[in-house]
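J.: Coordinates for the following, if possible.
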Amino acid sequence: MHERNHKLINSKFKEFFFPTLLTAMAGNICLVVDSILVSFFVGVANLSAIQLVSPLLTFVNLFYWMIGLGGSILCSVSKAEFDDKSSNSYFSVSISSLCIFGIIITIIGLIFSNDILSILCRSQQLLPMVNSFYSVILLGIPFLCYLMSVSYFVRVDGMPNLAFRAILLANIVNLCCDVIFMGVLKIGIGGAAWATLVGYAVGSIFISTYFFKSERTLKFIKLKVKPSINKFKEICKSGFPSSSTQLYFTIKIYIYNVLITLFVGEAGIAAFSICDNSTFILYMFLIGASQTMSSLVSVYFKEEDYSSVSYIVKKSLRFALISSLVFSLIIIVCPNVMLMLYSVKDPSFVPTVLNALRIFAISFVGIAITFLFTFYSQAIQKNSVSSIVSLLEGLIFPCGSAVILLLILGENGIWISFTVAEAATILFIFAYSKYLNRKTDGEYTGFFINKHNDDKKVFEYTINGNVKEAVDLAHQVQDYLSGNKSAALVGLAIEEMLVNIININENVDVIDVIVRNNDDNILISIKDMGIDFNPVVENDDLKFDNISVLNKIADKIDYSRVLGLNSTVITIKN
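T.: Predicted coordinates:
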């Protein structure tokens with residue numbers, strides 16, 4: 001018996017997860033170190049310049065996240081549907097539109113710099129520092145947009161390590177240039193902006209090596225204006241739910257700043273700043289789990305491989321819950337670690353900060369669940385519910401509960417509101433999942449609204465890469481389909497395909513096979529991590545000895561290289 005063991009998807013999960021996790025960690029850790037270097041070389045007051053320009057960068061993040069992530073998910077779906085033209089069109093539209101967006105932002109930012117600076121900075125004392133940073137960082141925005149947009153698609157094309165190395169390199173160059181520009185050349189806060197610009201430029205050059213790799217499958221194609229606009233709309237619709245958190249985050253922070261300033265005071269603002277920054281540490285782990293999950297789920301859900309979707313979600317959720325729970329307990333039990341990290345020494349600040357940290361940390365587990373669900377619902381293209389969850393969790397529930405609880409509980413009400421907001425969002429998701437289950441007569445089940453296969457019609461197998469197991473599986477499938485007139489043909493097709501995969505590879509660890517016994521046809525889905533090989537296309541180096549036999553058996557053969565896997569679907573009519 002060759003039952004499905006998910007060894008293949010587990011291997012692919014690890015391959016995507018660790019580079020994605022390290023990419024998130026590299027970005028966030030370097031962000032912290034960068035701020036430390038700025039305060040060390042030019043004084044902590046200069047950090048205000050970076051903080052005041054941050055809304056502009058958040059606005060850019062909103063767009064590259066929306067277009068890059070949205071486009072890459074649609075690209076994955078198109079690959080799962082064996083639609084190379086569509087996947088290439090999403091690739092082309094996403095990258096070109098983000099590059100154009102970055103250039104436009106730079107031009108507008110320079111032309112209307114005085115007007116924009118007057119909005120960003122209301123203090124005449126800080127304006128020179130803000131201008132020094134702003135005028136240079138604008139020049140780096142096109143590089144940032146290009147680097148991040150390509151990195152999303154590089155992961156889809158099965159090269160997650162390249163994206164990680166490019167972003168890590170950009171951050172390392174940034175830190176090294178901080179020392180040179182601010183420490184050696186004494187440029188001041190403008191040096192930090194120049195360091196960031198050079199980092200983005202070097203990262204962009206490095207990730208461009210993707211276009212020279214022979215194994216890449218995504219290519220730029222020329223599209224007419226109307227189809228390009230339609231694709232752009234689809235991309236924005238797909239990516240907005242997760243990227244909208246950036247918009248809600250900005251509004252939420254402003255409202256909380258006003259409430260805390262009025263009712264808690266300066267110590268409260270310091271406490272809120274530390275609490276807010278602590279989430280960046282948590283998001284390192286959550287982004288690693290969520291982005292890995294969304295890349296894989298978008299493909300497997302489209303292919304109706306729902307058992308793999310459940311496996312991926314459970315694995316991602318387990319990691320997110322453990323990491324958030326551990327981090328939460330560390331802050332609750334040892335909040336002094338954060339005081340040391342942020343150098344909180346003022347006796348009037350310490351009690352407020354300690355109290356805020358302990359209460360705020362309770363919300364981390366809820367953040368992990370809602371963050372993961374937002375990415376998951378987007379991956380299965382439930383964009384409306386993903387948008388609603390983002391809005392509720394990112395703006396309505398936290399701000400609403402903050403106002404109400406502040407009036408009831410005073411200062412503690414503000415810190416408790418974060419946990420209340422997450423709990424309310426989770427209850428909403430639970431209620432929605434129950435509603436969808438009833439509405440679809442059980443088609444969708446569970447908190448993460450996954451579908452399920454009919455076990456009587458779908459057979460799932462995993463074999464090791466040897467000929468004996470391939471032949472045994474072919475006979476096993478034939479026995480399962482013994483009442484079907486096409487059973488012998490299905491068994492022969494599986495044997496021919498699996499034996500060929502094993503023969504053309506020096507070593508292939510495991511192969512997944514799914515057989516769907518539909519009313520009018522039988523679908524055989526085969527996935528392996530072997531060398532890139534399309535069985536129905538002429539290849540001078542690789543030969544499929546019995547391709548003529550397979551073509552006679554099958555009514556249709558589809559092939560795609562997706563997520564670094566060979567994905568072949570054979571259709572045999574009943």
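
J.: same for the helix or strand G288 falls within, what does it pack against?
T.: If you go by DSSP states H and E, G288 is part of helix 266-302. Where contact means 3 or more Cβ pairs under 8 Å, 6 or more residues apart in numbering; DSSP states H and E, helix 266-302 is packed against helix 7-42, helix 47-80, helix 127-156, helix 225-263, helix 306-333, helix 350-361, helix 364-379, helix 411-439. All C-beta spots, glycine's among them, are computed from the backbone N, C-alpha and C.

J.: Buried deepest among those helices, which one?
T.: Of all the helices and strands packed on helix 266-302, helix 364-379 carries the top mean neighbour count, a mean of 25, counting by mean count of other Cβ atoms under 10 Å.

J.: Give the other helices and strands that it contacts.
T.: helix 225-263, helix 266-302, helix 306-333, helix 383-391, helix 411-439.

J.: now with 10 Å?
T.: Contact partners of helix 364-379 among helices and strands, from 3 or more Cβ pairs under 10 Å, 6 or more residues apart in numbering; DSSP states H and E: helix 47-80, helix 225-263, helix 266-302, helix 306-333, helix 383-391, helix 411-439.

J.: what about it, distance to the chain center?
T.: Averaged C-alpha coordinates place helix 364-379 at 11 Å from its chain's average position (Cα atoms, centre = their mean, to the nearest Å).

J.: So for it, mean pLDDT?
T.: Taken as a whole, helix 364-379 has a mean pLDDT of 90.

J.: and R318, how far is that from Q124?
T.: Distance, R318 to Q124, using Cβ to Cβ, to the nearest Å: 52 Å.

J.: typo on my end, L21
T.: 44 Å.

J.: ditto for N574
T.: 79 Å.

J.: And for D528?
T.: Distance from D528 to Q124, by Cβ to Cβ: 65 Å.

J.: Look at the two and report which has more neighbours.
T.: D528 (24 against 7; other Cβ atoms under 10 Å).

J.: tell me which element F397 is part of?
T.: Using DSSP H and E, F397 falls in helix 397-409.

J.: just to revisit the earlier point, buried residues, the helix holding G288. List them.
T.: Within helix 266-302, the residues that count as buried by 16 or more other Cβ atoms under 10 Å are 267-275, 277-279, 281-302.

J.: chain center to it: distance?
T.: For helix 266-302, the distance to the chain centre is 10 Å (Cα atoms, centre = their mean).

J.: One more: stretch 511-520?
T.: With Cα atoms, centre = their mean as the basis, the mean position of stretch 511-520 lies at 30 Å from the chain mean.

J.: What average pLDDT does that stretch get?
T.: Here the average pLDDT along stretch 511-520 is 85.

J.: CA atoms only: put it into CSV for me.
T.: Taking Å, rounded to 0.1, in the frame of the first residue of the first chain, the C-alpha atoms of stretch 511-520 are listed here in CSV:
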residue,chain,number,x,y,z
ILE,A,511,6.7,11.0,-6.3
ASP,A,512,3.1,12.0,-5.5
VAL,A,513,0.2,10.5,-7.5
ILE,A,514,-3.4,11.5,-7.3
VAL,A,515,-6.1,9.7,-9.3
ARG,A,516,-9.6,11.3,-9.6
ASN,A,517,-12.4,9.0,-10.8
ASN,A,518,-14.8,11.6,-12.3
ASP,A,519,-18.1,10.7,-14.1
ASP,A,520,-16.8,11.3,-17.6
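
J.: so what's S92 up against?
T.: 71, 218-223, 228, 231 (Cβ atoms under 10 Å, 6 or more residues apart in numbering).

J.: Over to L329?
T.: Counted by Cβ under 10 Å, 6+ apart, L329 has contacts 361, 364.

J.: For it, give its distance to V385.
T.: 31 Å.

J.: how much space between the closest residue to S324 other than its chain neighbours and S290?
T.: Nearest residue to S324 in three dimensions, chain neighbours excluded: A368, at 3.8 Å (Cβ to Cβ, 6 or more residues apart in numbering). Look at A368 and S290: by Cβ to Cβ, they are 9 Å apart.
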